[in-house]
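**Q** please find the sequence and the predicted model below.
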Amino acid sequence: MERITIIGSGVSGSALAFLAKKLGHEVFISDAKDIKAELKQKFIEQGIQFEDGGHTQKVLECDKIIPSPAIPHSLPILQMAQNNNIPIVGELDFVYPYLNGKIISVTGSNGKTTTTSLIGHLLKEQGCKTAVGGNIGLGVAELALESFDYIVLELSSFQLSRAKTFRTNVGIVTNLAPDHINWHGSLEAYVEAKAVLLKSVVYGGLAICQLSDKKYLETKSYVNRKFISWYDTSENSIYCSEKDSCAFIGANKLFDFANTTLLGKHNMENIAMALTALAFFNVSSSKDALYSFKAPDHRCNFVAQRDGVIFVNDSKGTNVAATVTALTSLPNKKIIILGGQGKGESYEPLASVVAENASYAILLGEEKEKIAAALKGIKFNEFEFANDMKGAVAAAYSHAKSGETVLLSPACTSWDMYPSYEARGEDFVHCVRDLIGG
């Protein structure tokens, strides 16, 4: 029996604590924030000791420390642990020996939730006993000690940054773009964390990534590799064809774009990668199963249509790369609603894409002046400010012509005006329905 300290009592931290206790370890959990009363009661019932409101020296009275994924490497108590030669073990490495089933892991700057959810949906539709979790839904530790046919994990760069012994049968990196730079310290460290996933693919397993990201994502020589693009038709590629409106692996058709309700070219890539993972295990998928899948909320979701104007909710577009993807993936001109709390990114790359793909922009939130400056810098002056979502939706609709799309894809977090991107997206939907009726 080991003495194990868990840092953080969120979904992952709590699941880790309960698993460690079930495995017979002595468990102590420490949280810088207050732990909810009902969770404290569960810890007491399980015989798990805890502290909240800060980290004391008691954290160091252990044989190993397991930080929750979002806990930064720079946390002072972790630095003290390193100075005291206390092993710090990542969530994935601790849980991996207790996962029973073929593992399909998905990461990426954008699209990982949609791809993970789709793989889980298609496997379940085929009657496979499938668990889905990780960075969405259930914590990784909640999937341990039970037998599954497949375990589908969405993994963040935080989780992967501490992974050393974790292994996966299939690894998918949907795409790479700058994100979470403050947490990782540099773009290079962020990319390196994402690259860990493909290096974790087992002998004979499958690694999937964008052809354009190939130079950043190495794999072992004994791993099968598939690269996705819209131009490479070679035998080993996953090829998405605009001309044929379908995707192929080599000469074999994967699916027709018409067989999905998902919007945007980026989602065609997500589907192609998901179906490639299934094909690796010789699991087929029906048209009905694919068509029945609905994108997770706030990710390029169709909201409504009025007088030829379509409204799309992409509130999860919380960084420049995500919004650029939405703008370039969806057809026709857009009236784009931008702004919120920034992540320290430059808006110059966004401005040029807005000018090319949007006829007008509505700006709100803390970053509206900075985004306006970037748009003015390229002489795109077709924009105005709004004070709130209701005003933004009304202004966007007033400028929209039949055949155009009003797109909420803010390129910013929501925290200046909303508690979450979900709340922002829900407000957008509410404002749209109030405006157009129904």
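**A** That came through, no problem.

**Q** so the residue lying closest to residue 22 once chain neighbours are set aside: helix, strand or coil?
**A** Once flanking residues are discounted, residue 22 sits nearest to residue 145: 7.2 Å by CB to CB, 6 or more residues apart in numbering. (C-beta placed from N, C-alpha, C; glycine too.) Under DSSP: H, G, I helix; E, B strand; the rest coil, the three-state class of residue 145 is coil.

**Q** kindly report the same for residue 284.
**A** Applying three-state DSSP: residue 284 is coil.

**Q** neighbours of it, how many?
**A** The tally of other residues near residue 284 (other CB atoms under 10 Å) stands at 10.

**Q** ok, the one 5 residues further on next?
**A** The tally of other residues near residue 289 (other CB under 10 Å) stands at 17.

**Q** doesn't residue 120 make contact with it?
**A** No: the criterion here is CB atoms under 8 Å, and residue 289 misses it with residue 120 at 11.6 Å.

**Q** ok, back up a step: and the residue nearest to residue 22, what does it touch?
**A** Applying CB atoms under 8 Å, 6 or more residues apart in numbering to residue 145 gives the contacts 19, 22, 98, 100.

**Q** going by distance to residue 366, which of these wins?
**A** Distance ranking of those against residue 366, using CB to CB, places residue 19 first at 39.8 Å.

**Q** skipping its backbone neighbours, what lies nearest the closest one in space?
**A** Among residues not flanking residue 19 along the chain, residue 141 sits closest, at 4.2 Å (CB to CB, 6+ apart).

**Q** next one, pLDDT for the one you found please.
**A** pLDDT for residue 141: 97.

**Q** list the contacts for it?
**A** 12, 15-16, 18-19, 91, 94-95.

**Q** wait, is it part of a helix?
**A** Yes: counting by three-state DSSP, residue 141 is found in a helix.

**Q** and the gap between it and residue 168?
**A** Counting by CB to CB, to the nearest Å, the gap from residue 141 to residue 168 is 16 Å.

**Q** list the buried residues for stretch 129-147?
**A** 130-137, 139-144 (16 or more other CB atoms under 10 Å).

**Q** closest to residue 39 out of those residues?
**A** Nearest to residue 39 among the buried residues of stretch 129-147, counting by CB to CB, is residue 139 at 13.4 Å.

**Q** who wins for neighbours among the contacts of residue 141?
**A** Taking other CB under 10 Å as the neighbour criterion, residue 16 ranks highest of those with 31 neighbours.

**Q** so which helix or strand takes in that residue?
**A** helix 11-22 (DSSP states H and E).

**Q** export that helix as CSV, just CAs?
**A** What follows is helix 11-22, C-alpha atoms only, in CSV (Å, rounded to 0.1, in the frame of the first residue of the first chain):
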residue,chain,number,x,y,z
VAL,A,11,-13.9,15.5,-11.9
SER,A,12,-10.5,14.0,-12.6
GLY,A,13,-9.1,14.5,-9.1
SER,A,14,-12.0,13.0,-7.3
ALA,A,15,-12.1,10.0,-9.7
LEU,A,16,-8.4,9.5,-9.1
ALA,A,17,-8.9,9.6,-5.3
PHE,A,18,-11.7,7.0,-5.4
LEU,A,19,-9.7,4.7,-7.7
ALA,A,20,-6.6,4.9,-5.5
LYS,A,21,-8.6,4.1,-2.4
LYS,A,22,-10.3,1.2,-4.2
